[in-house]
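Participant: After the sequence you'll find the predicted model.
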Amino acid sequence: MKVHFIAIGGSAMHNLALALHQKGYTVTGSDDEIFDPARTRLQQAGLLPDSEGWHPERITADLDAVVLGMHARIDNPELLRAQELGLKIYSYPEYLYEQSKDKLRIVVGGSHGKTTTTAMILHVLRHCGIETDYMVGAQLQGFDVMVRLSESAKYMVIEGDEYLTSPIDPRPKFHLYRPHVGIITGIEWDHVNVFPTFENYKEQFAKYIDLIEEGGTLIYCEDDPEVCDVVAHNKRTDIARLPYNVPQYTVENGITRLNGSDGKEIPLEIFGRHNMLNLTAARFACREIGISDTAFDEAIQTFGGAGKRLECLWQNDHAALYKDFAHAPSKLRATVNAVKEQYPDRQLIACMELHTFSSLTADFLTHYVGCMDRADVPFVYFNPHALQLKKLPPLDKEQVRKAFNNDRLTVFNDSHEMLKAVQSAAQACETKGKPYCLLMMSSGNFDGLDLAELKMEN
């Protein structure tokens, strides 16, 4: 098979390219810019294009498929050439479905918790020795790539993103996977540039339920009223419905213990109420393919989390630094609350970056009210240049502070000033001998901030 990738440098696209290369396919690609880690990984596999830019001469009649990435535009020269030749053009999710249409598909959908829940399922399957193909939106410990495709695996586990499929296909990605086991972890308005109203956004999850294969299973979070509302209005009678909620767990001396299936307490490496919900969704999915609760409990003890999801960068007896992907209001609130619950006696210094289109939209900012209230020292950062790139009106610091409605909140639009403030707050705790946690939350990178600069020496 010969497959060409238009916009091969994307996070998802280059991982799919690597997966097909490992499967023995002949893979080529193009992009107008490719950054690390994609650049290095493609180079190591011999897949890095010899020059950047779009080259329609690379689109030839002998290609079996062309995979089109979101980064490309509808007037892309290579896309136009592929259309002219009548080649089969797939979006990224379409090609994943094509590769998995004969497998049992578990799809994890929801506004939050998708990556972690998917990672938990994969961790348990691997621990139990069950081969599976997969697509997950983060690099996982013990997994070389974010996409695996094979001829032999019986199962395919997919993180189901609700964002658009491709420049020529406006459907949400998770509408293309047609799960046998579909999960909805939660619903909170996001991607306001694509879904202009909350009702329009919720409608995508209603359609997702309708696309579950006949005789399949819907696993959904009954702790979320919006999810329950969507499920209640669905008329399907040919699928099983499995609601889940928070399991019993305890937190003591910085360790979270789950009440296991046999009554024993199971120490976990992860923590937070939201992760207990994710864990239960993963348990229910594993049950659907025959994994016992006992086997699940044994496996989940060694799950250390997904990359950038409450990831511990360093810790000692009195301090710790965590980074997290939190950017939407519910994610932000859940992450702050989780750290405070895990370390109730520590000062929580929390910093969040407004980075996504939604979070930088003035009308959406009011959704963040109260999200940082449990942080002892709360900071919010945004870069005015990010607003310009997204063609959004300017924001001022007072506007942001009022939206969060927190008198203790300090807002920054200069990353150097923000870094100094975080360091100063941590140093104040060190001076007073007060234990603390630093929590840095962003779907970006704080404008290239090296979080190692926040590590205290003692």
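Facilitator: That came through, no problem. Numbering: from 1, shown residues only.
Participant: excluding its backbone neighbours, what's nearest Cys228?
Facilitator: Glu222 (5.8 Å; C-beta to C-beta, 6 or more residues apart in numbering). (C-beta placed from N, C-alpha, C; glycine too.)
Participant: give the contact list for the one you found.
Facilitator: Cys228, Pro243, Tyr244, Asn245 (C-beta atoms under 8 Å, 6 or more residues apart in numbering).
Participant: The second one should be in a helix, yeah?
Facilitator: No: secondary structure of Pro243, determined by DSSP: H, G, I helix; E, B strand; the rest coil: strand, with no helix assignment.
Participant: how much space between the nearest residue to it once chain neighbours are set aside and Ala38?
Facilitator: Leaving aside its chain neighbours, Pro243 sits nearest to Glu222 (3.7 Å; criterion: C-beta to C-beta, 6+ apart). Counting by C-beta to C-beta, to the nearest Å, the separation of Glu222 from Ala38 is 39 Å.
Participant: go on, Leu451?
Facilitator: 21 Å.
Participant: Neighbour count: these two, which is higher?
Facilitator: Under the criterion of other C-beta atoms under 10 Å, the comparison of Leu451 against Ala38 puts Ala38 first, with 21 against 17.
Participant: was I right about the more buried one contacting Ala17?
Facilitator: No: using C-beta atoms under 8 Å, Ala38 makes no contact with Ala17, being 9.2 Å away.
Participant: what is in contact with those two at once?
Facilitator: Common neighbours of Ala38 and Ala17 (C-beta under 8 Å, 6+ apart) are Ile8.
Participant: longest single strand anywhere in this structure?
Facilitator: Longest strand in the chain, counting residues (DSSP state E): strand 347-354.
Participant: now it: mean pLDDT?
Facilitator: Average pLDDT, strand 347-354: 97.
Participant: Now do the buried residues in the next helix or strand after it.
Facilitator: Per DSSP states H and E, the first helix or strand lying C-terminal to strand 347-354 is helix 362-365. By neighbour count on 16 or more other C-beta atoms under 10 Å, the buried set for helix 362-365 is Phe364, Leu365.
Participant: C-terminal to helix 362-365, which secondary structure element comes first?
Facilitator: Towards the C-terminus, the helix or strand next in line after helix 362-365, according to DSSP H and E, is strand 377-382.
Participant: what angle do that next one and strand 347-354 make?
Facilitator: 10 degrees (axes from the mean of the first three to the mean of the last three C-alpha atoms, to 10 degrees).
Participant: State the paired neighbours of strand 377-382 in the sheet, together with their directions.
Facilitator: Strand 377-382 pairs in its sheet with strand 347-354 (parallel), strand 410-412 (parallel), by DSSP bridges.
Participant: For Gly307, see how far away the nearest residue to Pro384 once chain neighbours are set aside is.
Facilitator: Spatially, and ignoring its direct neighbours in sequence, Pro384 is nearest to Asn413 (5.6 Å; C-beta to C-beta, 6+ apart). Asn413 is 27 Å from Gly307, where distance means C-beta to C-beta.
Participant: who's more crowded, these two?
Facilitator: Asn413 (20 against 16).
Participant: ok, that one - contacts?
Facilitator: Shown in contact with Asn413 (C-beta under 8 Å, 6+ apart): Tyr381, Phe382, Asn383, Pro384, Lys397.
Participant: Pull out the buried members of those residues.
Facilitator: The neighbour count (16+ other C-beta under 10 Å) marks Tyr381, Phe382, Asn383 as buried among those.
Participant: can you pull the pLDDT of the closest residue to the last one other than its chain neighbours?
Facilitator: For Asn383, the nearest residue in space outside its immediate sequence neighbours is Asp447; the separation is 5.7 Å by C-beta to C-beta, 6+ apart. The model reports Asp447 with a pLDDT of 89.
Participant: Quick check: which element contains Asp447?
Facilitator: Taking DSSP H and E as the definition, Asp447 sits outside all helices and strands.
Participant: just checking, it touches Glu417?
Facilitator: No: when contacts are counted by C-beta under 8 Å, Asp447 is not listed as touching Glu417 (11.8 Å).
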